[in-house]
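Visitor: coordinates only, sequence not included:
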């Protein structure tokens, strides 16, 4: 019962975000990946979105996206990753530490990710938000508390899959909003390039 309530709460937050969010603004397209940003309600920071299509299988994509044990490709700056809980294709909790260049402090994140799969269309959604009060905060590390991320994987025609990555990561500390907004489009672009390299199949 407690798990069901948490699940409904998370997707209630997701629905509210969708209702109040501003329109997405197209920024650029690189390597077949379209990048967008939008103003985040009540925040000076912008959310990001990347969209691409790949020729692959849902199974192959699933071994990369949503499998926290297979995140070695995710970011070179991750110096520690701990899986707290994992139920495949249902629910994952994990903790990670980002190695941030001096003079800034390292960042850490404790995340709670839920998976939904549409039994009719096959569409898979992985939605992650912060997980509070599980890993104690360290005095020399800035905890990322304002965060959300959503992967959507949709089968389309001809064996193609549409992948959409959306999110917001407030780095906290002394990082100014203008600097964050200037570089935030690199996040979906770099992540989706790495996914594409690992899952795209050759076409006959």
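Guide: Good, I have the coordinates. Here the structure is a predicted model, which means the values were calculated and not measured.
Visitor: how close does the residue sitting nearest the centre point of the chain get to residue 174?
Guide: Nearest to the mean C-alpha position of the chain, by CA atoms, centre = their mean, lies residue 149 at 3.5 Å. Per CB to CB, to the nearest Å, residue 149 is found 23 Å from residue 174. Using the backbone N, CA and C atoms, a C-beta is placed for each residue, glycine as well.
Visitor: and what of residue 32?
Guide: For residue 32, the distance to residue 174 - CB to CB - is 36 Å.
Visitor: tell me, how many residues neighbour residue 30?
Guide: 14 (other CB atoms under 10 Å).
Visitor: and residue 97, how close does it get to residue 106?
Guide: Taking CB to CB, one finds residue 97 at 6 Å from residue 106.
Visitor: which neighbours do the two share?
Guide: Jointly contacting residue 97 and residue 106 under the rule CB atoms under 8 Å, 6 or more residues apart in numbering are 79, 141.
Visitor: so residue 32 and residue 174 - more neighbours on which side?
Guide: Using other CB under 10 Å as the criterion, residue 32 and residue 174 rank with residue 32 on top: 13 against 9.
Visitor: quick check, the more buried one in contact with residue 53.
Guide: Yes. At 7.2 Å, residue 32 counts as touching residue 53 under the criterion of CB atoms under 8 Å.
Visitor: leaving out sequence neighbours, find the closest residue to residue 198.
Guide: Distances taken as CB to CB, 6 or more residues apart in numbering place residue 64 nearest to residue 198, at 5.4 Å, with adjacent residues excluded.
Visitor: how about the one you found, phi and psi?
Guide: Backbone dihedrals for residue 64, given as degrees, to the nearest 10, come out at phi -100, psi -50.
Visitor: hmm, back to that, model confidence score at the residue nearest to the centre of the chain, please.
Guide: pLDDT for residue 149: 95.
Visitor: now do the one 5 residues further on
Guide: Per-residue pLDDT puts residue 154 at 97.
Visitor: so which helix or strand takes in it?
Guide: Using DSSP states H and E, residue 154 maps to strand 147-155.
Visitor: buried ones in whichever helix or strand comes after that strand?
Guide: Sequence order places strand 160-169 as the next helix or strand after strand 147-155, per DSSP H and E. Buried residues in strand 160-169, counting neighbours by 16 or more other CB atoms under 10 Å, are found at 161, 163, 164, 165, 166, 167, 168, 169.
Visitor: alright, that wraps it up for me.
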